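Asks: Output the structure for:
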Amino acid sequence: MSPESSAQLPRKPRRDAVRNRDRILKVARQIFTESGPDASLDEIAKRAGVGAGTLYRHFPTRYALLEDVYRAGVEELAAAEQRFGASMSPTEALRAWLLLFVDYMAAKQIIAPALNADCENSPKVFESSGTLITGAINSLVKRAVANGDIRPDMEPLDLLRALVGISNVIATPDWPKSAKQMVDILILGSRPVKS
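Replies: Sure, this is the predicted structure:
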């Protein structure tokens, strides 16, 4: 490869830069969920253990940070389906993923309205999330059905709709606790009926 062509390839980020970015996203998700989308970016940098310059180098605007926090939550759900499916029984994997989905919803309820405020960019942010989430829940339920743990007539999206319903009906800050309790009820109610 000539020096000219190698100069055109994007440089792979350093490991410490990747770690810093991941830590910022994790802390930002937690702080945005606690304090809302207008939370202090300086506080996020401080709690992530990085300087403000490092935060702004990775995320030049608040919107960019919100967008990547949202996107990282969706990617985490997609990756968790594979990870849980490989290391847990089908029912345990489904349960663990649904609990993670509740955490994702808690962050999304705070972040999505701020992302929707940017009418030009918001459709792009949400484009792939539905496909990734639907694919993950379908795969998890399919494994549990094949294992005989869940009824074959169970509609995977009904599990998500029930959890989303709780988040919309219970207007208190502790709705995630109720939703997490509902996960076990949903799985129990989805078991095959014994004749």
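Asks: which non-adjacent residue is nearest residue 164?
Replies: With CB to CB, 6 or more residues apart in numbering as the criterion, residue 164 has its nearest non-adjacent residue at 6.6 Å, and that residue is residue 105. Every residue, glycine included, has its C-beta placed from N, CA and C.
Asks: Quick check: that neighbour touching residue 167?
Replies: Yes. The criterion here is CB atoms under 8 Å, and residue 105 meets it with residue 167 at 5.3 Å.
Asks: Average pLDDT for the helix or strand harbouring residue 72, rounded please.
Replies: Element membership of residue 72 [criterion: DSSP states H and E] is helix 62-87. For helix 62-87, mean pLDDT is 93.
Asks: what's the spacing between that helix and its chain's center?
Replies: Helix 62-87 sits 4 Å away from the centroid of its parent chain (CA atoms, centre = their mean, to the nearest Å).
Asks: same check, this time on stretch 56-71
Replies: The answer for stretch 56-71 is 15 Å, by CA atoms, centre = their mean.
Asks: tell me the phi and psi of residue 174?
Replies: Dihedral pair for residue 174: phi -90, psi 20, per degrees, to the nearest 10.
Asks: typo on my end, it should be residue 59
Replies: phi -130, psi 90.
Asks: Surely it touches residue 20?
Replies: No. Counting by CB under 8 Å, residue 59 stays clear of residue 20, with 11.0 Å between them.
Asks: returning to that earlier point: more neighbours: residue 105 and residue 167, which one.
Replies: Set side by side, residue 105 and residue 167 show more neighbours around residue 105, with 20 against 17, by other CB atoms under 10 Å.
Asks: what pLDDT does the more buried one get?
Replies: 90.
Asks: same thing with residue 148?
Replies: 95.
Asks: And it, how far from residue 189?
Replies: Relative to residue 189, residue 148 is positioned 16 Å away (CB to CB, to the nearest Å).
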